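Chemist: next input, structure requested:
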Amino acid sequence: MCGICGLLDNGPQWSDSLRQDLPQRQLRLRQLALLNRALKPWRLTLSEFHNSWLLASPTGQQAIVPSLDQLWKEAEKMARCSLDPLDERWLAAL
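Modeler: So this is what the prediction gives:
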């Protein structure tokens, strides 16, 4: 993806909080913390990058992901396995 495409705002996502009582930045940081906790068993990390996510593997592979839908697709590519949200070992690690 070119640099400008990664910076464009795609509008609200289905995963965005409906709460209006907290600043948007605080809600985004909470979401980031939860996602990093979910990705930890696969040794993947997520950081914020210009209103998108930057997914990184322990080997240094990185991908910019604009939404949660793309996040899980990229995470499966980096982990080289299917990420099953009902996997008992993953649930126990949470």
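Chemist: contacts, neighbours, all on C-alpha from now
Modeler: Will do.
Chemist: skip the chain neighbours and tell me the closest residue to the residue nearest the centre of the chain.
Modeler: Centroid-nearest residue in the chain: L71, 5.0 Å away (criterion: Cα atoms, centre = their mean). Among residues not flanking L71 along the chain, V65 sits closest, at 5.6 Å (Cα to Cα, 6 or more residues apart in numbering).
Chemist: looking at the one you found now. What's its pLDDT?
Modeler: Looking at V65, its pLDDT is 92.
Chemist: re the thing from before, for the helix or strand where the residue nearest to the centre of the chain lies, packing partners?
Modeler: If you go by DSSP states H and E, L71 is part of helix 68-79. Here helix 68-79 touches strand 52-56, strand 62-65, going by 3 or more Cα pairs under 8 Å, 6 or more residues apart in numbering; DSSP states H and E.
Chemist: what's in contact with the helix of greatest length in the chain?
Modeler: When secondary structure is assigned using DSSP state H, the longest helix within the chain turns out to be helix 24-39. Outside helix 24-39, the residues that touch it by Cα atoms under 8 Å, 6 or more residues apart in numbering are S17, L44, T45, L46, S47, E48, L94.
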